[in-house]
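1. I would like the atomic coordinates for the input below:
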Amino acid sequence: MLIRSFVLFLFACLIAPAHAAPPSNELVYNLKASIAKIRSVNATGGRSTGTGIVVAENQVATNCHVLVNSVGMDIGAMGETYQPVGLQADWKHDVCILNFKFLPLKPATLGDSEHLQYEQEVFSIGFPGGPPKPLTTWGTIKALYPFEDSVVIRTSASFQMGASGSPLFNANGEVVGISTFKSPGRNAFFYNIPVKWVKSAMQLPVSEFTLNEAPAFWDVALAQKPYWMQIVLPYQSEQWDEVERIVKAWVASTPDDQEAMYYQAITKEHGGDLIGAKKIYQKILKQNPNHSASMINLAAIAKVEASQADFDQYQAQLARLNIDGAELDELLKARSH
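-> Below is the predicted model:
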């Protein structure tokens, strides 16, 4: 029972969002001029919606999976409707650029996804659930997963169906990613593809509006998915043999990957090796001082070991990341349940 409660606490640490300030109303208002609702119809008459962001004159970026099975689509923005005439598609990375003849919408500013940091504040604007007006969610960056030539961004800014293709902005209102997919289950993780892939897709040749249904990297068979995707459900369901198998393969392939090391430390905690876990968490923090999940787990271990000095140290470090004492106390209470 103690081990189980400790596991549940660790999961709470992994998903708990830090306090993040919402973007200003003025900034959101200005950015909404670049947001479009994508409406699609399939062969049986079914309708679906997604979100797009104007990235250049007459160009709107969205996720390719928003377009799959479509036999007709348009975008709605500022009370008008526009139909695309061409497509630039990177199906593997789930980035599609819709091209228009005349689209009188202001392009957003494209930022940089290559220098993002853990706990950096971000926000997203989109149409989750298909509302008539775009909605805003905000949070912080919780993990950055190296993948091919860039990183996939996990944030605490949640989204749901209809939000696919929503732009992810930094605090300055620059696009740094696109909200794309989430893990299954109640305690979902929310993933965003980097704006670097959007910029690359904008350089592809424009084709006629023919749709390829090749799966994206995140929608392939489980064994073909990145380790950071493979591990989520086994971890949440406490399938520790499977977690350890994935961790072993992950660490062997990329031994300096912070998230691989993080799960390795969790498996050591689960096995009762607190000393080994602490060493790994401390190694992660040397590489990335903003890795809040490692700080929280070290604070938890300090609590168990009755080391007030260590606990105070990690609490101070967390305060620097806007995770205050009240939030930390709430997380620590999970140990007793």
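
2. Please, where are all the strands along the stretch 151-300 of the chain?
-> 167-170, 175-182, 190-194 (DSSP state E, counting those that start in this stretch).

3. would CSV of the ones you listed with distance to A260, mean neighbour count and mean pLDDT be doable?
-> Any C-beta I mention is one placed from the backbone N, CA and C, and that applies to glycine too. Shown next, in CSV, are these (distance: least, CB to CB, whole Å; neighbours: other CB atoms under 10 Å; pLDDT from 0 to 100):
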stretch, distance to A260, mean neighbour count, mean pLDDT
strand 167-170, 24, 28, 97
strand 175-182, 20, 26, 95
strand 190-194, 17, 24, 96
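
4. P107: neighbouring residues, count only.
-> 17 (other CB atoms under 10 Å).

5. Same check on Q83?
-> 12.

6. The one 5 residues further on too?
-> Burial of Q88, expressed as a neighbour count using other CB under 10 Å, amounts to 19.

7. got a list of what V41 touches?
-> R47, S70, V71, G72, M73 (CB atoms under 8 Å, 6 or more residues apart in numbering).

8. Redo the strands of the stretch 151-300 of the chain as CSV? Include distance to S40.
-> Below are the strands of the stretch 151-300 of the chain laid out as CSV (distance: least, CB to CB, whole Å):
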stretch, distance to S40
strand 167-170, 19
strand 175-182, 16
strand 190-194, 19
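
9. who wins for proximity to L31 among those?
-> strand 167-170 (6.8 Å; CB to CB).

10. Could you chop the protein up by domain?
-> 20-220, 221-336 (automatic domain parsing).

11. what's the most buried one of the ones you listed?
-> domain 20-220 (a mean of 19; mean count of other CB atoms under 10 Å).

12. So what would you say the end-to-end distance of that one is?
-> 33 Å (CA to CA, to the nearest Å).

13. hang on, the earlier thing: in strands, which of the contacts of V41 appear?
-> Per DSSP state E, strands hold the following members of the contacts of V41: R47, S70, V71, G72, M73.

14. Pull the most distant pair out of those.
-> Greatest spacing in the ones in strands among the contacts of V41, by CB to CB: R47 and V71 (11.2 Å).

15. Now name the helix or strand holding the closest residue to W228 other than its chain neighbours.
-> Nearest residue to W228, sequence neighbours excluded (CB to CB, 6 or more residues apart in numbering): Y145, at 4.7 Å. Assigned by DSSP states H and E, Y145 belongs to strand 135-147.

16. helices and strands around that strand, which ones?
-> Under the contact definition 3 or more CB pairs under 8 Å, 6 or more residues apart in numbering; DSSP states H and E, strand 135-147 sits against strand 121-126, strand 150-155.

17. got the ones in strands among the contacts of V41 as JSON lines, with pLDDT columns?
-> Formatted as JSON lines, those follow (pLDDT from 0 to 100):
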{"residue": "R47", "pLDDT": "80"}
{"residue": "S70", "pLDDT": "75"}
{"residue": "V71", "pLDDT": "74"}
{"residue": "G72", "pLDDT": "81"}
{"residue": "M73", "pLDDT": "84"}
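
18. Tell me the one among those nearest to D219.
-> Looking across the ones in strands among the contacts of V41 and measuring by CB to CB, the closest to D219 is S70, at 16.5 Å.

19. Let me know the distance separating that closest one from F209.
-> Taking CB to CB, to the nearest Å as the criterion, S70 is separated from F209 by 9 Å.
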